[in-house]
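Q: My questions concern the predicted model and sequence given below.
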Amino acid sequence: MTTLSHTSPELRLRKVINIVAEQQVTSLASGHEGTVRDQTRAYLLRLKDGEMGSIPAIGATIFLALVFQFLSPYFFTNINFTNMFVQAAELTMLAAALVFVILLAEIDLAAGVTAGVAMAVFIRFLKAGWSWIPALGASFVVGIVVGIVIGYIVAKIGVPSFVVTLAFFLGFQGLQLLLLGEGGVYRIEVPEVIAIMNSNMPAWGGWLMLVACLAISLAISIWDRARRARVGLVNKPFSIIVMKLSAIGVLAAIAISIMNTNRSQGVIPIQGVPIVVPITVAILGICTLILDRTKFGRHLYAVGGNPEAARRAGIKVVSIRVWAFVICAILAVVSGLFHASRLQSVDGSAGKTIVLSGVAAAVVGGVSLFGGRGRISHAVIGAFVITMIDNGLGLLQMPAGVNYLVQGGVLLLAATIDALARRRGGVVGRN
C-alpha cells in the first residue's frame with residue numbers, strides 16, 4: 001500500500017496523479033482483491049458511474065452488422081468482409097492519431113491535410129528522382145515539423161487548438177495545390193507502396209501474425225503482472241487475461257479463415273490477409289504500449305484529466321502537449337500513405353473530409369471529448385462503426401447524403417452519451 005503521509009505536498013500530489021493515471025490505464029478499481037468476482041463488481045461499479053468505454057460502439061457494431069446483413073446478402077461475403085478491413089485501415093490510423101490530442105481535450109482539424117501535404121511532398125521528391133524510401137522519410141519529417149509547430153502554438157503560446165488547426169486546415173489546402181501544380185493528380189508507380197493496400201499475405205502469413213500477436217500480448221501481460229507485483233499493486237486474475245486472449249484469438253481466427261478463402265470471381269485466386277492489416281496492428285500495438293505502459297502515457301492521461309494538478313505535480317505539461325500533436329501528425333502521415341496506396345495516386349483534395357470522420361470514429365468508439373478518458377482500442381472500434389456505415393449504405397446504393405446524415409446522427413448520439421456519462425459520474429465539462 002502506498003504511503004503519502006510523510007512526503008511534501010508537491011510529491012504527494014505527484015504520487016496521487018501517477019496512481020490515478022495508472023488506474024485510468026489499467027481500468028482497475030481501488031479496494032478490490034484481484035479475484036474474478038471483485039473484478040466483475042468493480043467493472044459494474046464503473047458502468048454505474050458512467051464509464052461505459054466502448055460498450056455503446058460494440059453494441060452499434062453488432063446492430064449494424066445484423067441490419068446490413070438482413071438488407072443485403074452481400075454484406076457478409078468474404079470479399080466484402082475483407083474489403084471492410086482495407087477500407088477501415090486509413091480511418092483507423094487517423095482516429096488513433098486523434099486519440100493523443102483528444103485525450104488532452106484538444107482537437108487537430110489539420111491532421112487530414114497534414115497527411116495530404118506530406119504525400120504531396122512525397123510525390124514531388126519521387127518526381128525529382130529520389131528513391132521512394134528517402135522521399136517517404138521526407139514526408140514524415142514534414143509531419144513532425146507540423147506537429148511541433150502546432151503543438152508549440154497551442155501549448156506554449158496558448159492559442160486554442162481549434163483555431164490553430166483550423167488555420168492550418170485552410171492554409172494547407174492551398175499548399176497542396178501549390179505543391180502538386182495544375183495537374184492535380186499524380187500516379188504512384190512504386191510497387192512497395194501500392195502493395196500496402198492492394199496486396200495480400202500468403203495464407204500462412206495470417207496465422208503466423210495471429211500467433212505472434214497472442215504471444216506478444218501474453219508476454220506483455222506476464223511482464224506487467226510481475227512489474228505490478230514488485231511495487232505492491234494488485235493484479236488482475238490470470239484467468240481474466242486468458243479469457244480475454246482466448247476471445248480475441250477466436251474472433252481473429254474466424255476473420256483470418258474468411259480472408260484466406262478465395263474471393264476471386266476469375267481464374268486467378270485472390271486470398272490471404274491484406275498486407276495493410278499486420279502493418280496497422282503493429283502500429284496500433286505500439287501506440288497502445290505508449291499510452292498504457294509508459295511514463296509519457298500516464299502523464300498524458302494526467303494532463304488530460306486535470307492539467308493544473310499535473311503541472312503542480314511536476315509534469316512537463318507543455319512538453320506533453322507538444323509531443324501529443326507530434327505523434328498525431330506522424331500517425332496522420334501514415335493514414336495519408338494508406339490513402340495514397342489505395343488510390344495509387346496523390347491528388348490535391350486528399351485529407352479535406354476524412355479528419356471529421358476520424359474525430360467521429362474516436363468519439364463514437366468511446367474516447368471522451370472532455371479529455372483524460374479513452375484508449376486506442378476505442379478508436380479502432382469507432383472506425384469500424386463508421387466504415388461499416390459507409391460500406392453497408394454503399395451496398396444498398398444509398399445516396400451520399402444519407403451516409404453523412406447517419407454518421408452525423410451516430411456522432412451526436414455518442415457525444416451525448418459521453419456527456420451524460422460524465423455528468424452521472426460527477427464530472428461536468430473539462431476539469
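A: Arrived safely. Numbering: from 1, shown residues only.

Q: Would you verify that Val267 is located in a strand?
A: No - counting by DSSP: H, G, I helix; E, B strand; the rest coil, Val267 is located in no strand; its state is coil.

Q: Which residue ranges of the stretch 301-431 of the chain form helices?
A: Along the stretch 301-431 of the chain, counting by DSSP state H, counting those that start in this stretch, helices occupy 307-312, 317-343, 354-365, 376-395, 400-424.

Q: wait, which of these is closest to Asp292?
A: Asp292 sits nearest to helix 376-395 of all the helices of the stretch 301-431 of the chain, at 8.5 Å, using CB to CB. For glycine as for every other residue, the C-beta is placed from the backbone atoms N, C-alpha and C.

Q: in that closest one, what counts as buried?
A: Neighbour-count burial for helix 376-395, counted by 16 or more other CB atoms under 10 Å, picks out 376-393, 395.

Q: now do stretch 311-327
A: Ala313, Ile315, Val317, Ile320, Arg321, Val322, Trp323, Ala324, Phe325, Val326, Ile327.

Q: Over to stretch 398-414?
A: Residues of stretch 398-414 classed as buried by neighbour count (16+ other CB under 10 Å): Asn403, Val406, Gln407, Val410, Leu411, Ala414.

Q: Confirm for me that Thr261 is in contact with Asn78.
A: Yes - using CB atoms under 8 Å, Thr261 is in contact with Asn78, at 5.0 Å.

Q: Rebuild the helices of the stretch 301-431 of the chain as CSV, extending it with mean pLDDT.
A: CSV is the format used below for the helices of the stretch 301-431 of the chain (pLDDT from 0 to 100):
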stretch, mean pLDDT
helix 307-312, 88
helix 317-343, 94
helix 354-365, 87
helix 376-395, 90
helix 400-424, 77
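
Q: In TSV, list those helices along with distance to Leu94.
A: Below are those laid out as TSV (distance: least, CB to CB, whole Å):
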stretch	distance to Leu94
helix 307-312	25
helix 317-343	4
helix 354-365	4
helix 376-395	8
helix 400-424	14
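
Q: Indicate which one of the ones you listed is closest to Ile256.
A: Closest to Ile256 of those, according to CB to CB: helix 376-395, at 16.4 Å.

Q: The closest one relative to helix 354-365, how many degrees between them?
A: Taking axes from the mean of the first three to the mean of the last three CA atoms, to 10 degrees, helix 376-395 and helix 354-365 form an angle of 110 degrees between their directions.

Q: Going by neighbour count, list what's buried in stretch 125-137.
A: Within stretch 125-137, the residues scored as buried using 16+ other CB under 10 Å are Phe125, Leu126, Trp132, Ala135, Leu136.

Q: nope, stretch 283-294 is what I meant
A: Here stretch 283-294 shows Ile283, Leu284, Cys287, Thr288, Ile290, Leu291, Asp292, Arg293 as buried, counting by 16+ other CB under 10 Å.

Q: Counting neighbours, what do you get for Val333?
A: Each residue near Val333 was counted by other CB atoms under 10 Å, and the total is 29.

Q: wait, it sits on Ser139?
A: Yes - the pair Val333 / Ser139 is scored as a contact, 5.9 Å apart, by CB under 8 Å.

Q: and for the two, which residues touch both?
A: Ala118, Met119 (CB atoms under 8 Å, 6 or more residues apart in numbering).

Q: Which pLDDT does the model give Lys127?
A: For Lys127, the pLDDT comes out at 88.

Q: need the contact list for it.
A: By CB under 8 Å, 6+ apart, Lys127 lies in contact with Tyr186.

Q: quick one: it and Ser264, what's the gap?
A: Here Lys127 is placed at a distance of 34 Å from Ser264 (CB to CB, to the nearest Å).

Q: Nearest the geometric middle of the protein, what residue?
A: The residue lying closest to the centre of the chain (CA atoms, centre = their mean) is Ala96, at 1.8 Å.

Q: what about it, which helix or strand?
A: Using DSSP states H and E, Ala96 maps to helix 78-102.

Q: What is that helix packed up against?
A: helix 111-127, helix 238-260, helix 276-293, helix 317-343, helix 354-365, helix 376-395 (3 or more CB pairs under 8 Å, 6 or more residues apart in numbering; DSSP states H and E).
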